[in-house]
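> Next input, structure requested:
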Amino acid sequence: MLNSYSTADKVLLAVDCIIFGFDHEGLKILLIKRDFEPEKGKWSLIGGFLKRDEVLDHAAIRILNTYTGLNDIYMEQLYAYSEIDRDPVERTISVSYYALINIENHNAELIKNYHAQWFSITDAPNLIFDHDEMVQQAIRRLRYRTSIKPIGFELLPEKFTMRQLLELYEAILSKELDKRNFISKINSLEILNKLEEKDMQSSRKGSYLYTFNKEKYEEKLLNDFVLNL
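Residues are numbered from 1 along each chain as shown. Here you go, the predicted model:
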C-alpha cells in the first residue's frame, strides 16, 4: 500500500560537502582520508548522515563546523545522488552541498586531527564512490554562479587587493580575464569599500586594499542582475 509506513523500505540519507578554499596557489578543495571500510585509506569528500532531528541544511552546517570550526559559511545545496549501488554497504542516498571558506580562517588543528588536507582542484586525487562526479558538478555550479553574481568573497581575507580578487575569479573560472574590463564591472556594482591602506608586498608603490560592502553585496545577490564575466 502507498500509505503504509511500516512496510516501506528504509534507506540512509547522507550529506556530502564540497568545501572550496583559495590561497596564493589557487582554488583548492578540502578532502579527508577515510579511516574505516569500505575504501579505507582512500580520499573522500567530508560528509555524514542526517540525524532524525535535523533538516538537510542543519546537517550540512553541523558537518562543516565539525571539520573546520567555522560558522556562518556560504553554502548551497546541489544535487541528490540515488544510484542503487553507489554505496556497497547500505542503500544510501546522498545530497551534496558546496561551501566557500577562507583557508586562513579555518581551524587548522581540527583539520589535522581529522586527517583532512587541502588539494588544488587541478591536482586532487581520485575520490571514492561518486564523489568525483559531485566535485565536477560543484565546480560547474560555482563557475556559473561566479560568472553572473558577485559571490566568492568568502574565499578572500577580510582585506584584499583588486589583483587578489581578479586572481580568485580567474582561478574559479579557469580562464584569463581582461583586467580593465573586470575592474570596471566590479566597480560598477559598488560592493567594494576602498581603504586608505595599501599592501606594500605587491609592488614598490603598493596596492590599495578593499573590503566588501556586505549590505550592498547581499542586495546584489537578491536582485536579478548579470555580472557577465
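
> Can you name every helix or strand that the helix or strand hosting residue 209 contacts?
For residue 209, the element it lies in under DSSP states H and E is strand 207-212. On a contact count with 3 or more CB pairs under 8 Å, 6 or more residues apart in numbering; DSSP states H and E, strand 207-212 meets strand 160-161, helix 162-173, strand 192-199. Any C-beta I mention is one placed from the backbone N, CA and C, and that applies to glycine too.

> Now do the second one and strand 192-199, the angle between them.
Following axes from the mean of the first three to the mean of the last three CA atoms, to 10 degrees, one obtains 110 degrees for the angle between helix 162-173 and strand 192-199.

> Heading C-terminal from helix 162-173, find the next helix or strand.
Counting by DSSP H and E, the next helix or strand C-terminal to helix 162-173 is helix 179-189.

> what residues does that next one touch?
150, 162, 165-166, 169, 192, 216, 220, 227-229 (CB atoms under 8 Å, 6 or more residues apart in numbering).

> how does it look with 6 Å?
Residues outside helix 179-189 that contact it (CB atoms under 6 Å, 6 or more residues apart in numbering): 150, 162, 166, 220.

> Could I get the average pLDDT for that helix?
Mean pLDDT, helix 179-189: 92.

> Pull the contacting residues for the nearest residue to residue 56 once chain neighbours are set aside.
Among residues not flanking residue 56 along the chain, residue 95 sits closest, at 5.6 Å (CB to CB, 6 or more residues apart in numbering). By CB under 6 Å, 6+ apart, the residues touching residue 95 are 15, 56, 80.

> Any chance of a ChimeraX selection covering the buried ones in these?
Buried residues within those, by 16 or more other CB atoms under 10 Å, are selected in ChimeraX with:
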select :15
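
> From the contacts of residue 95, which land in strands?
The strands, defined by DSSP state E, take in 15, 80 from the contacts of residue 95.

> I'd like to know which helix or strand in the chain has the lowest mean pLDDT.
The helix or strand of the chain with the poorest confidence is helix 214-222; it has a mean of 78 (mean pLDDT, DSSP states H and E).
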